[in-house]
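**Student:** Just to be clear, the model below is a prediction. Sequence and coordinates:
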Amino acid sequence: MVSRNMTINIPSGLEARPVALLVQVASQYESKIMVETGSKQINAKSIMGMMSLGLDEGENLTVVADGVDEEEAINHIERYLSSK
């Protein structure tokens, strides 16, 4: 299991299109991937769950990946969230 704190650097935050792209990135991997913020823990492969977070640019979250490709998955998600 790998866990990493990340900051959202996408100017629009995690609105509809960025969430859809994040879910696509997460869905490429076999690992279980969860996004944690505050007291919420959401499956990163769930578009409705991710939309419910309503995170803005500059907000912090923790991504937890557990599985055979966890390191690759968490690195790809971090690259996506830090892109502008």
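**Tutor:** Yes, it's here. Residues are numbered from 1 along each chain as shown.
**Student:** residue farthest from the centroid of this structure?
**Tutor:** V68 (17.7 Å; CA atoms, centre = their mean).
**Student:** how would you label the residue nearest to N43 when sequence neighbours are not counted: helix, strand or coil?
**Tutor:** What sits nearest to N43 in space, not counting adjacent residues and going by CB to CB, 6 or more residues apart in numbering, is G49, at 5.5 Å. In short, each C-beta sits where N, CA and C put it, glycine included. State at G49, reduced to three classes by DSSP: H, G, I helix; E, B strand; the rest coil: helix.
**Student:** For V23, see how far away G49 is.
**Tutor:** Distance of G49 to V23, computed by CB to CB, to the nearest Å: 9 Å.
**Student:** now do E71
**Tutor:** Taking CB to CB, one finds E71 at 20 Å from V23.
**Student:** quick one, helices of this structure?
**Tutor:** For the chain, helices defined by DSSP state H occupy the ranges 16-27, 47-51, 70-81.
**Student:** got the contact list for the nearest residue to M34 once chain neighbours are set aside?
**Tutor:** Distances taken as CB to CB, 6+ apart put V64 closest to M34, at 4.7 Å, once the chain neighbours are dropped. V64 makes contact with M1, V2, S3, I33, M34, V35, E36, according to CB atoms under 8 Å, 6 or more residues apart in numbering.
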